[in-house]
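**Student:** Provided below are the primary sequence and the corresponding predicted coordinates.
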Amino acid sequence: MEEKELEVKETEVKATEEKAEEAAPEKQESMADYAKELEASFRVIKEGDIVTGTVISVNEDEVILDLQYYAQGVIKAADMSSDPSFRLVDEVKPGDTLEATVVKTDDGEGNILLSRKEAVQVLAWDVLKKDMEEKKTLSVKISEAVKAGVVAYVEGIRGFIPASQLSLSYVENLDEWVGRQVEARVITVDEEKKRLVLSVKEVEKERREEETNHKIAMLAPGTVMEGVVESLMPYGAFVSLTDGLSGLVHISQISQRRIKKPSEVLKVGDKVKVKILNTNNNKISLSMKAVEENTEAGENEEVHAAQYSSREEATTSLGDLLKNLKL
């Protein structure tokens, strides 16, 4: 009987210990929550502070943020961005993390009034400087056309794209660019003067160079091509090839005879045959002289073959004559 009572007591003790173990994490979690609440109660938010919060809700008029504080944060639509095309419901979603400046610690309804625009003015310039240093490509939307260029907003900052930096080609009508999404690069950041300059041209130029270098890499040295002389320089002639490529025929590679200047034998617009010598450093080196040498060598071989054939015919004919001759 005593043994049974002992077994029952041991079972009860084990059950109590298991319950205690299960309850322990809950107790720890509640203590952690309490510590956060305690920390929040000692935290003091002042006007001018930059705070970080998580978006709880958003509508066309305002954004509500959880600041891990006894009061919630509110950002009015007018204080979100300087971009006139910015719409809260399109750009901000619950769960997003935002940084904003404290405008008032009480908006009259117990909330902390915040401004995203003011925080951006402080934080965005550092981001833009880093973007410029890293030559980062940014996707921006052109919002308006102004004198000598267009405007696009980056990190809430008004950026200017000069007409000369909009495209590799000449831009005549700036209004046609309004509303377009383009890829640009930051080329000037001046926080003191609040000046931000962007360039679409830089991105296009880099991509065109990559395409050109790929085409050049596909050319095989020794290939003979046709081209057109596009310009003459004291040191040689530039020849336009297919696929938008061009190469240089150095003055020493223009003719077999010695010349003082390319214009002695060439003029712009001449159609010429050239041989690719090499494509080192993504530059095409050409030779007209090598084509002439190959042609002459081919002609000499034909003449030699013809002479050999004539001698063979003459020998054969003489043998036939001697064979038929009766002595």
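**Tutor:** Yes, it's here.

**Student:** Let me see the ranges of the helices in the stretch 101-250 of the chain.
**Tutor:** Secondary structure of the stretch 101-250 of the chain, counting by DSSP state H, counting those that start in this stretch: helices at 116-133, 201-217.

**Student:** Using a markdown table, please lay out these together with mean neighbour count and distance to residue 247.
**Tutor:** To be clear about C-beta, it is placed using only N, CA and C from the backbone, and glycine gets the same treatment. A markdown table is the format used below for the helices of the stretch 101-250 of the chain (neighbours: other CB atoms under 10 Å; distance: least, CB to CB, whole Å):
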| stretch | mean neighbour count | distance to residue 247 |
| --- | --- | --- |
| helix 116-133 | 17 | 35 |
| helix 201-217 | 14 | 9 |
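
**Student:** just so I know, which of those helices lies nearest residue 142?
**Tutor:** helix 201-217 (14.0 Å; CB to CB).

**Student:** What helices and strands are in contact with that closest one?
**Tutor:** Judged by 3 or more CB pairs under 8 Å, 6 or more residues apart in numbering; DSSP states H and E, helix 201-217 is in contact with strand 181-190.

**Student:** Pull the contacting residues for residue 81.
**Tutor:** 91, 116, 117, 120, 153, 156 (CB atoms under 8 Å, 6 or more residues apart in numbering).

**Student:** Provide the secondary structure category for it.
**Tutor:** coil (DSSP: H, G, I helix; E, B strand; the rest coil).

**Student:** Numbering from 20 from now on, please.
**Tutor:** From this message on, residue numbering opens at 20, which makes the last subject residue 100.

**Student:** Tell me the predicted confidence for it.
**Tutor:** Note for residue 100: predicted pLDDT of 85.

**Student:** what's stretch 113-130 in contact with?
**Tutor:** By CB under 8 Å, 6+ apart, the list of residues contacting stretch 113-130 from outside reads 64-77, 82-84, 90-94, 98, 111, 131-135, 137-138, 141-142.

**Student:** are any of those buried, and which?
**Tutor:** Listed as buried from the contacts of stretch 113-130 are 64, 70, 72, 74, 77, 82-84, 91-94, 98, 111, 131-135, 137-138; burial here means 16 or more other CB atoms under 10 Å.

**Student:** ok, of the contacts of residue 100, which one's closest to residue 241?
**Tutor:** For the contacts of residue 100, the nearest to residue 241 is residue 172 (53.2 Å; CB to CB).

**Student:** Does the closest one have any beta-bridge partners, and if so which?
**Tutor:** Beta bridges link residue 172 to residue 177, judged by DSSP bridges.

**Student:** do residue 181 as well
**Tutor:** With DSSP bridges as the rule, residue 181 is bridged to residue 168.

**Student:** How about the contacts made by the residue nearest to residue 223 when sequence neighbours are not counted?
**Tutor:** Nearest residue to residue 223, sequence neighbours excluded (CB to CB, 6 or more residues apart in numbering): residue 187, at 5.1 Å. For residue 187, the contact set (CB under 8 Å, 6+ apart) comprises 220, 223, 224, 227.

**Student:** Just put the residues you listed in a markdown table and tack on pLDDT and distance to residue 249.
**Tutor:** Putting the contacts of residue 187 into a markdown table (pLDDT from 0 to 100; distance: CB to CB, whole Å) gives the following:
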| residue | pLDDT | distance to residue 249 |
| --- | --- | --- |
| 220 | 97 | 23 |
| 223 | 96 | 22 |
| 224 | 95 | 20 |
| 227 | 93 | 18 |
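
**Student:** out of those, what pair is the most spread apart?
**Tutor:** 220 and 227 (10.2 Å).

**Student:** Okay, and the beta partners of the nearest residue to residue 194 once chain neighbours are set aside?
**Tutor:** Closest residue to residue 194 apart from its sequence neighbours, by CB to CB, 6+ apart: residue 164 at 5.1 Å. Beta-bridge pairing of residue 164 under DSSP bridges involves residue 169.

**Student:** can you check residue 257 too?
**Tutor:** Here residue 257, judged by DSSP bridges, has bridge partners residue 250, residue 267.

**Student:** Could you pull up the residues touching the residue nearest in space to the middle of the chain?
**Tutor:** Central residue of the chain (CA atoms, centre = their mean): residue 156, 4.4 Å from the mean position. When contacts are counted by CB under 8 Å, 6+ apart, residue 156 touches 202, 203, 204, 222.

**Student:** Take the contacts of residue 100 and write them to a markdown table, including pLDDT.
**Tutor:** As requested, the contacts of residue 100 are exported to a markdown table (pLDDT from 0 to 100):
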| residue | pLDDT |
| --- | --- |
| 110 | 88 |
| 135 | 91 |
| 136 | 86 |
| 139 | 81 |
| 172 | 92 |
| 175 | 84 |
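
**Student:** residue ranges with poor pLDDT in the chain?
**Tutor:** In the predicted model of the chain, residues 20-61, 314-346 satisfy pLDDT under 70.

**Student:** can we see that at 80?
**Tutor:** Counting by pLDDT under 80, the ranges of the chain that qualify are 20-62, 104, 140, 313-346.

**Student:** got the buried residues for stretch 200-218?
**Tutor:** Neighbour-count burial for stretch 200-218 flags 201, 203, 204, 205, 206, 208, 215, 216, 217, 218 (criterion: 16+ other CB under 10 Å).
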